[in-house]
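Undergrad: give me the fold of what follows.
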Amino acid sequence: MEKTTDIFRRRKLTYTAVFLIFLTIFAGTSLITEFSLADGAASFPAAAAWIAENLIPDQEAMERLPRILERLLETALLSVAVTVVAAVCAFFFSLLGSNIPHIHGLVKRLVRIVAAFFRNVPDVVWAMLLMFSFGQNILTGFFALFFTTFGLLTRAFIETVDEVSASCVEALEATGANFIELVFQGIIPSALSGITTWVLYMIETNIRSSTLIGMLTATGIGYLFDLYYKRLDFSSASLVILSIVVLVLVIETASNRIRKVVLS
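TA: Numbers count the residues shown, from 1 in each chain. Prediction:
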């Protein structure tokens, strides 16, 4: 009983210490940045009133709806195209980094390093770098999203392949299957549900990311939002935001249904 009491006392002291550390960090950063939580909370009513007054689509904004939907479709198609191409490249690249047989350890390590590099550089940074070479166009946005998506999916596919394919790979190896047969008869059928889930998730993520990328590359729905916002046309900008929200919800609903079909 006494031993149990000591354990709970140590846990309580640990949680208290962690809480105090986070509180100290928050207080220090707020002091340095001159951030006031009280002022921020007090500004919410005024902000809500401004949103209710200015961010409501009017008749003029509704007349721009066809153009907004056209750019929205462009953004959605770009996100799907980037994700599909990156997924295909990432899958075959991830095979070289997984723990399946016939792959040298040095190759596995190199693949994981490359994937980590592309994954840890944000797509916005890629967009800014690529604009020096390609300018502000849809190709820049494609490659910016592709590099980050490729890195994320490579890492995810490596883990997926390692988790689900061990038993089937061993069974196929026992029958004398070669590397190609291991991939197409063992790994792909076993990892298909996990791969599909990751691809659908990245499509949703890339639709959100492509909006910000579009502001930098002057393409897609992000360009329209940036244009309306800089012209102080808040009603049209709000319609752009609403259309993005609706698109994300539609994509998420479709993704959930596809997951149910694949996983069932």
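Undergrad: for the stretch 151-264 of the chain, what spans make up the helices?
TA: Using DSSP state H, counting those that start in this stretch, the helices of the stretch 151-264 of the chain run over 166-174, 179-181, 188-217, 220-230, 234-263.
Undergrad: to E70, which of those helices lies closest?
TA: Smallest distance to E70 across these (C-beta to C-beta): 9.4 Å, for helix 220-230. Bear in mind the C-beta positions are built from the backbone N, C-alpha and C, glycine included.
Undergrad: what's the burial count for D233?
TA: 17 (other C-beta atoms under 10 Å).
Undergrad: kindly apply the preceding question to A76 instead.
TA: A76 is flanked by 21 other residues according to other C-beta under 10 Å.
Undergrad: from I158, how far off is it?
TA: As defined by C-beta to C-beta, to the nearest Å, A76 lies at a distance of 28 Å from I158.
Undergrad: equivalent analysis for I138, please.
TA: Distance of I138 to I158, given as C-beta to C-beta: 30 Å.
Undergrad: ok, the two, which is more surrounded?
TA: Remark: of I138 and I158, I158 carries more neighbours, 23 against 18, as counted by other C-beta under 10 Å.
Undergrad: what separates stretch 147-161 from the chain centre, distance-wise?
TA: 12 Å (C-alpha atoms, centre = their mean, to the nearest Å).
Undergrad: send the alpha carbons of that stretch over as PDB?
TA: Output of stretch 147-161 as PDB, limited to C-alpha atoms (Å, rounded to 0.1, in the frame of the first residue of the first chain):
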ATOM      1  CA  PHE A 147       8.300  16.600 -53.400                       C
ATOM      2  CA  THR A 148       6.600  16.800 -49.900                       C
ATOM      3  CA  THR A 149       4.000  14.200 -50.800                       C
ATOM      4  CA  PHE A 150       6.600  11.900 -52.200                       C
ATOM      5  CA  GLY A 151       8.600  12.100 -48.900                       C
ATOM      6  CA  LEU A 152       5.600  11.600 -46.700                       C
ATOM      7  CA  LEU A 153       4.200   8.700 -48.700                       C
ATOM      8  CA  THR A 154       7.600   7.000 -49.000                       C
ATOM      9  CA  ARG A 155       8.000   6.900 -45.300                       C
ATOM     10  CA  ALA A 156       4.400   5.800 -44.700                       C
ATOM     11  CA  PHE A 157       4.600   3.100 -47.400                       C
ATOM     12  CA  ILE A 158       7.900   1.700 -45.900                       C
ATOM     13  CA  GLU A 159       6.100   1.300 -42.500                       C
ATOM     14  CA  THR A 160       3.000  -0.100 -44.200                       C
ATOM     15  CA  VAL A 161       4.900  -2.700 -46.200                       C
END
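Undergrad: neighbouring contacts of that stretch?
TA: Residues outside stretch 147-161 that contact it (C-beta atoms under 8 Å, 6 or more residues apart in numbering) are 82-83, 86-87, 89-91, 93-95, 97-98, 100, 111-112, 114-123, 126, 187, 191, 194-195, 198-199, 202, 206, 209.
Undergrad: repeat that for 6 Å
TA: 82-83, 86-87, 89-91, 93-94, 97-98, 115, 118-119, 123, 126, 187, 191, 194, 198, 202 (C-beta atoms under 6 Å, 6 or more residues apart in numbering).
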